[in-house]
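> Fold the following.
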Amino acid sequence: MRKVYVIYPGFYDFYNKNITIGGIQTYINDLCDVLKIQYEVIVIQNGNQDISIDINGYKIIQFGISSKHYKNGIAIRLNELVQNDDLIIYATDTLISKKIRFTKSIAIQHGVYWDIPDDGKQALFRKLISKYLGTFRTISRLDYVNKVICVDNNFINWYRSQTNRLTDKLVSIPNYTRLSNSTIKNKDKIRIIFARRFYEYRGTKVFTNAILALLNKQYNIEVIIAGDGPDEQWMKEQLREFPQVSFIRYNSIDSLEIHRNVDIAVIPTVGSEGTSLSLLEAMASSCAIICTNVGGLTNIIIDEYNGIMIDAGNEVQLKIALEKLINSEKLRMFLSSNAFNTVKFGFPYQKWVNKWLEVISNM
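Presented below is the predicted three-dimensional model:
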């Protein structure tokens, strides 16, 4: 049976015996579930010792390699195992090693991540030089793989603008969602959710400030903040006086269940976003969407058709959009219905599966 090796550091926590939390980890696990039916699937990571485990119908192998040298170290060790027909999948393009060029290889590109606003302290010239070097590194490493799976068209358009190349190396396979079996919307209160990792570039500050303004106006709302991250304590401190705000944590497999009784989902990303799983899962649960004009989100939302799109980082626009949805059940129903149909026909799980299998079968 043909082997498929998927490279991602820290995918499995051998100490706590579970898959680590994160969007890429969810993506890898779903991809392994698809591929294991036809291929022998092995996830490769680095750690402090050589160890392996069988889980969920595929194997996880850890090479004893330090984090400092993991990219080339994994490639060198893996090169001793790989046969000519085996396939290497880099779970993110930043993991591509230039030390070893494998015969058959794919990298997954999860979206532009160098658009996060900075503090403005760096001189413009130094900033431009840094950007050019980053562009060179990104484009040059893609030459070491056969195919690049892109989760959005934003990266593909960026690549064309930098290289003036039309290439079939870059393949668009947007992210995906399963559909919620049923939804229950509470008529007594309007529920608003922020389901993201708690990082500033995910919109924690923008969301918190906009929600504070609404809470002070005493709207009949309930706010659910789902996830974890470095901004958690700051958010709790800002919102501590409002009992209608709750903080929860959940596993990615429970996302549809978390969203099924929510009216409005906010994805106020400031930068570094592909076709967001959080956005797609909220749409699959018939939530009315507010998102920013960032990255792959623009491949999904058409403003005032299947969601409301605002400028990134603009808390005033977010507050206005929230008030518009709070005050209009008709608008919420219109947007949520169109959002559901968008993901049902445009971003279904099976479509993602079929595209992946087609790419691999042709390599």
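> which stretches of the stretch 51-200 of the chain form helices?
For the stretch 51-200 of the chain, the helices defined by DSSP state H, counting those that start in this stretch cover 70-79, 124-142, 153-163.
> Save the ones you listed as TSV, and put in distance to Val41 and mean pLDDT too.
(Each C-beta comes from the backbone N, C-alpha and C, glycine too.) Below are those laid out as TSV (distance: least, Cβ to Cβ, whole Å; pLDDT from 0 to 100):
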stretch	distance to Val41	mean pLDDT
helix 70-79	14	94
helix 124-142	24	90
helix 153-163	26	95
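> Can you tell me the SS state at Ile224?
strand (DSSP: H, G, I helix; E, B strand; the rest coil).
> Can you tell me how far the spatially closest residue to it that is not a sequence neighbour is from Met235?
Spatial nearest neighbour of Ile224, chain neighbours left out: Ile193 (4.5 Å); criterion: Cβ to Cβ, 6 or more residues apart in numbering. With distances taken as Cβ to Cβ, to the nearest Å, Ile193 is found 14 Å from Met235.
> what's the overlap in contacts for the two?
Ile225 (Cβ atoms under 8 Å, 6 or more residues apart in numbering).
> For these two, indicate the residue with more neighbours.
Per other Cβ atoms under 10 Å, whichever of Ile193 and Met235 has more neighbours is Ile193, with 24 against 21.
> still on that earlier bit, just so I know, which of the helices of the stretch 51-200 of the chain lies nearest Thr292?
helix 153-163 (12.9 Å; Cβ to Cβ).
> what angle sits between that closest one and helix 124-142?
100 degrees (axes from the mean of the first three to the mean of the last three Cα atoms, to 10 degrees).
> Wait, Asn186 touches Val262, no?
No. If you go by Cβ atoms under 8 Å, Asn186 and Val262 don't touch, sitting 9.1 Å apart.
> In terms of neighbours, single out the busier of these two.
Using other Cβ under 10 Å as the criterion, Asn186 and Val262 rank with Val262 on top: 25 against 11.
> The more buried one and Gly307: what is the separation?
Taken as Cβ to Cβ, the span from Val262 to Gly307 is 14 Å.
> go on, Leu124?
35 Å.
> what about the two, which has more around it?
Using other Cβ under 10 Å as the criterion, Leu124 and Gly307 rank with Gly307 on top: 28 against 8.
> OK, contacts around the more buried one?
Met283, Ala288, Ile289, Ile290, Cys291, Ile300, Ile301, Leu335, Ala339.
> Then Arg178?
Counted by Cβ under 8 Å, 6+ apart, Arg178 has contacts Leu256, Ala284, Pro348, Tyr349.
> Now for those residues: which two are most distant?
Across the contacts of Arg178 (Cβ to Cβ), the longest gap, 13.3 Å, separates Leu256 and Pro348.
> okay, and the common contacts of those two?
Contacts common to Leu256 and Pro348, judged by Cβ under 8 Å, 6+ apart, are Thr177, Arg178, Leu179.
> So which of these belong to strands?
Using DSSP state E, no member of these falls in strands.
> now the residues you listed in TSV, with distance to Gln45 and pLDDT?
Shown next, in TSV, are these (distance: Cβ to Cβ, whole Å; pLDDT from 0 to 100):
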residue	distance to Gln45	pLDDT
Thr177	26	96
Arg178	27	94
Leu179	32	94
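> what is the residue nearest to Ile224 paired to in the beta sheet?
In this entry, Ile193 is beta-bridged to Ile224, Ala265, by DSSP bridges.
> Many thanks, have a good one.
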